[in-house]
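[1] no FASTA, just this:
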C-alpha cells in the first residue's frame, strides 16, 4: 500500500525532543543570518510561494501549534499534494549545503489528527 503522508524533518531532535520540520529549519538559517544574500532571497521567495499555496493551520485553529495544548504537533503533507512536494527540493538542498541534517518519513498513520485540509494534516505523533 502506498503511504498517504510524508514529512521532511530534522534528523536530530531539538532540546525539547521534537524533530523540527524543514521549513522551521530553513527559517532558523534565515533568521540566524547564515544565508548569503542570494540564498536569503530564494528562501524568502520559496516561503512566499508556500504561504500563498496553502493554508497555515494556525490561522484556522490557533490551538494546533500551541505548545501548552499540542507540544509535539507535526505537519505532514498528503502524498497527493505533488504540486507542493516538488518545491521541497529547494529546502532540502539549502539544508544540505548548510550541513543541517534532515530525513524524510512516510506514514499512513502518523498520529492523532489535529487538523486536516486538502494538502496536509497536523498530528500529535504516536
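    Perfect, thanks for sending it. Predicted, not measured: the structure shown is a model, and the values here were computed from it.

[2] C-alpha from now on. contacts and neighbour counts both.
    Noted.

[3] List phi and psi for the most centrally placed residue in the chain.
    Among the residues of the chain, residue 21 comes closest to the average C-alpha position under CA atoms, centre = their mean, at 3.8 Å. Per-residue torsions, residue 21: phi -70, psi 170 (degrees, to the nearest 10).

[4] who's in contact with it?
    Taking CA atoms under 8 Å, 6 or more residues apart in numbering, we find residue 21 in contact with 7, 8, 9, 10, 74, 75.

[5] now do residue 73
    Contact analysis of residue 73 by CA under 8 Å, 6+ apart lists 64, 65, 122, 123, 124, 125.

[6] now do 7 Å
    Applying CA atoms under 7 Å, 6 or more residues apart in numbering, we find residue 73 in contact with 65, 122, 123, 124, 125.

[7] and the third one, which of the three is it?
    Classification of residue 123 into helix, strand or coil gives strand, according to DSSP: H, G, I helix; E, B strand; the rest coil.

[8] Could you give the bridge partners of it?
    Here residue 123 sits in beta bridges with residue 74, residue 113, as judged by DSSP bridges.

[9] still on that earlier bit, Throw the contacts of residue 21 into CSV and include pLDDT and neighbour count, thanks.
    Compiled in CSV, those are given as follows (pLDDT from 0 to 100; neighbours: other CA atoms under 10 Å):
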residue, pLDDT, neighbour count
7, 98, 21
8, 98, 21
9, 98, 24
10, 98, 20
74, 97, 23
75, 97, 25
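
[10] And the furthest pair within those?
    Spatial extent of the contacts of residue 21 (CA to CA) is set by the pair 10 and 75 at 12.9 Å.

[11] Return the distance of stretch 42-52 from the chain's centre.
    When distances are taken as CA atoms, centre = their mean, to the nearest Å, stretch 42-52 is centred 13 Å away from the chain's centroid.

[12] got it, and stretch 53-60?
    Computed by CA atoms, centre = their mean, the chain-centroid distance of stretch 53-60 equals 12 Å.

[13] and if you look at stretch 17-33?
    Going by CA atoms, centre = their mean, the spacing between the C-alpha centre of stretch 17-33 and its chain's C-alpha centre is 9 Å.

[14] Mind checking the pLDDT average for it?
    Stretch 17-33 shows a mean pLDDT of 96.
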